[in-house]
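**Student:** Just the structure for this:
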Amino acid sequence: MNYPVIKAASYVLVHAPSIMINNGTTLTMERAQNPHSKFLIDINNHIRDFDTAVGYAPNQVYIGNLPPEQLEEVSKPCYENSVSNNKDGKFGEIIDEAEFYGLIKLADSFNLVELSEEFSPKVLEKLNARELFSKKRLSVLEKSKPIAEIEELVSSNKAQGLYLGSNLIGCVREAHETDPNLNSHVILENLVSKASGILAINNLKTKHNLNPDEIDYIIETSEEAIGDMNQRGGGNMAKAIGEVCMLKNATGADIRAFCAAPAHGILKAASLVKAGIFKNVVVVAGGSSAKLGMNSRDHINKDIPVLEDMVAGFAVLVSENDGINPIIRTDNIGTHTIGSGSSPQAVIKAVVIDPLQKNNMKVSDINKYAPELQNPEITVPAGAGDVPLANYKMIAAMAVKNGEIEKDDILEFAKKHGVIGFAPTQGHIPSGIPLIGHIRQAILDDNLNNSMIIGKGSLFLGRMTDLFDGISFIIEKNSGVIDSKQYVSDEDAKQQIREIIAEILENVVDSTVRR
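**Tutor:** Numbers count the residues shown, from 1 in each chain. So this is what the prediction gives:
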């Protein structure tokens, strides 16, 4: 059987403390209810600078400079022990807020982003040196606005301010005077997601030397809703991102499934490739400005830096089997069905244990599990515990129940088959996908045979159902054998039938003439 492969993966981070302070929902709600609170004053004393954020070990793991296993060797807490100042990673990069504002301007298709006369030339020079965008695309940064006009737009509540620290350098205007889904706050959220998705795909292209003309489908899996008041969430972020990334031969669509959306997206990409509908499918997601600083109050109370200051993004390329890259086992999928139940045990049973047992596999047959990979230095101070470790313990407990391991081996199992969480708490971002780049490389280097990616999501947030969601798939070493039986399209099949019929008729005519 020909399985689709993980051909490439990229991961990007944006250090965005000012966006966090001005647009993260925890901060905006506090400002609306208690504008002079101690929390809003104290947060400024807990902000990391760019170099500190770059040197933070979990961030280095995310962009590929540090293997996840090496997190165990880093002195804890990581925020007190920097490991590197390298913003360029094996899988992607970390950029600063100023450069990101330039990307937001490039992502703007309706001239809603205004940058000041002083700031715009600086970011143009910076992006021009990167050679990621065409001269035509970059030319929009030659247009700027006097800061007085930007101040007027912000003070009149017609625009969201863009800040570097306390300095206003631009704004995002509302796209409609009365439509709440096109107000400046929503437009900024969507542009943050779009711009970080663009950054992820551009890194995918450059880090893996990809030909953008060969990408023929895009699946976007963030948690933003693109639309107006008549079709809230109608989309299409996938094509919006692809347009700026010059994927001119691609079409695409969005998938929404809260935190589980990226895993659903990878499986749908694999299905499209395996069916022969498309050959090269990119699954992409930008980050979320709303989720910045979600646990900042707890971080400040614990007197630690506010660690939720990073907008994250990723892109994964799923392609036809090349005999080299790790395969996606489309015949071994774990699904949390509507009738599975919503308890943690029921979810793990449905997405981990059941698919393994159906294929006569043991829990220990999987080298590495990639569930929710939130950084515990973010979640533990907030009282949410170590989320990845809790998942590994649950998987191990199910293995104990099935008689596969002893109860005393649970922690050892978690260490051997898991990793320390390293991903930002950006909802859909941590849900299994951040480990794919490391898994792919480890398999190619013969250091790993397989891994299970687990996407999980809480659906109650939209108030339409209190069901849970979960789906899993296995990435496995490529055997190098490619099935010679190629997919035959309907048109090819029809042509073959026409040729057979023509040959039969010709034989009938010949035999009749001979008579």
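
**Student:** where in the chain is pLDDT low?
**Tutor:** Along the chain, the model assigns pLDDT under 70 to residues 484-492, 508-515.

**Student:** And the strands in it, which stretches?
**Tutor:** For the chain, applying DSSP state E gives strands covering 5-15, 92-95, 113-115, 159-164, 167-173, 217-220, 251-254, 280-285, 310-319, 327-328, 334-335, 368-370, 450-458, 468-476.

**Student:** and Leu267, which of those strands is closest to it?
**Tutor:** Evaluated with CB to CB, those place strand 468-476 nearest to Leu267, the distance being 5.8 Å. C-betas here are computed from N, CA, C, even on glycine.

**Student:** Pull up the pairing partners for the closest one, direction included.
**Tutor:** Strand pairing for strand 468-476, determined by DSSP bridges: strand 327-328 (antiparallel), strand 334-335 (antiparallel), strand 450-458 (antiparallel).

**Student:** if we look at the first one, which residues are touching it?
**Tutor:** Counting contacts by CB atoms under 8 Å, 6 or more residues apart in numbering, the residues outside strand 327-328 that touch it are 3-6, 266-267, 270, 318, 321, 473-478.

**Student:** Swap in 7 Å and give it another go.
**Tutor:** Tyr3, Pro4, Val5, Ile6, Ala270, Val318, Asn321, Phe473, Ile475, Glu476, Asn478 (CB atoms under 7 Å, 6 or more residues apart in numbering).

**Student:** Just put the strands paired with strand 468-476 in CSV and tack on mean neighbour count and distance to Leu191.
**Tutor:** Below are these laid out as CSV (neighbours: other CB atoms under 10 Å; distance: least, CB to CB, whole Å):
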stretch, mean neighbour count, distance to Leu191
strand 327-328, 24, 32
strand 334-335, 20, 34
strand 450-458, 24, 24
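
**Student:** so which of those strands gets nearest Leu27?
**Tutor:** Between these, strand 450-458 lies closest to Leu27; by CB to CB that is 22.6 Å.

**Student:** CA atoms only: put the closest one into PDB for me.
**Tutor:** Taking Å, rounded to 0.1, in the frame of the first residue of the first chain, the C-alpha atoms of strand 450-458 are listed here in PDB:
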ATOM      1  CA  ASN A 450       7.400   5.500  14.800                       C
ATOM      2  CA  SER A 451       5.300   8.000  16.800                       C
ATOM      3  CA  MET A 452       1.600   8.600  17.500                       C
ATOM      4  CA  ILE A 453       0.200  12.100  17.100                       C
ATOM      5  CA  ILE A 454      -2.800  12.800  19.300                       C
ATOM      6  CA  GLY A 455      -5.100  15.700  18.700                       C
ATOM      7  CA  LYS A 456      -7.600  16.500  21.400                       C
ATOM      8  CA  GLY A 457     -10.100  19.300  21.800                       C
ATOM      9  CA  SER A 458     -12.800  20.700  24.100                       C
END
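
**Student:** Dump the strands of the chain to JSON lines, plus distance to Lys415.
**Tutor:** Below are the strands of the chain laid out as JSON lines (distance: least, CB to CB, whole Å):
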{"stretch": "strand 5-15", "distance to Lys415": "24"}
{"stretch": "strand 92-95", "distance to Lys415": "27"}
{"stretch": "strand 113-115", "distance to Lys415": "47"}
{"stretch": "strand 159-164", "distance to Lys415": "42"}
{"stretch": "strand 167-173", "distance to Lys415": "45"}
{"stretch": "strand 217-220", "distance to Lys415": "34"}
{"stretch": "strand 251-254", "distance to Lys415": "37"}
{"stretch": "strand 280-285", "distance to Lys415": "29"}
{"stretch": "strand 310-319", "distance to Lys415": "26"}
{"stretch": "strand 327-328", "distance to Lys415": "26"}
{"stretch": "strand 334-335", "distance to Lys415": "23"}
{"stretch": "strand 368-370", "distance to Lys415": "11"}
{"stretch": "strand 450-458", "distance to Lys415": "16"}
{"stretch": "strand 468-476", "distance to Lys415": "21"}
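
**Student:** These: which one's closest to Gly383?
**Tutor:** Minimum separation from Gly383 across the strands of the chain (CB to CB) falls at strand 450-458, 16.9 Å.

**Student:** That closest one versus strand 5-15: what angle between them?
**Tutor:** Put simply, strand 450-458 runs at 50 degrees to strand 5-15, going by axes from the mean of the first three to the mean of the last three CA atoms, to 10 degrees.

**Student:** and for strand 450-458, what are the contacting residues?
**Tutor:** Applying CB under 7 Å, 6+ apart, the contact partners of strand 450-458 are 257-260, 262-264, 347, 351-352, 366-372, 431-433, 435-436, 439, 468-477.

**Student:** if we can go back for a sec, so which of the strands paired with strand 468-476 comes closest to Tyr62?
**Tutor:** Nearest of those to Tyr62, taken as CB to CB: strand 450-458 at 15.9 Å.

**Student:** So what's the gap between stretch 215-229 and the chain middle?
**Tutor:** Taking CA atoms, centre = their mean, to the nearest Å, one finds stretch 215-229 lying 12 Å from the centre of the chain it belongs to.

**Student:** buried stuff in it?
**Tutor:** By 16 or more other CB atoms under 10 Å, the buried positions in stretch 215-229 come out as 215-227.

**Student:** Likewise for stretch 35-48?
**Tutor:** Result for stretch 35-48 [16+ other CB under 10 Å]: buried residues Ile43, His46, Ile47, Arg48.

**Student:** Between these, which sits nearest Ile443?
**Tutor:** Arg48 (33.8 Å).

**Student:** With the flanking residues excluded, which residue is spatially nearest to the closest one?
**Tutor:** Distances taken as CB to CB, 6 or more residues apart in numbering put Pro305 closest to Arg48, at 5.1 Å, once the chain neighbours are dropped.

**Student:** residues touching the one you found, list them.
**Tutor:** His46, Arg48, Tyr79, His299.
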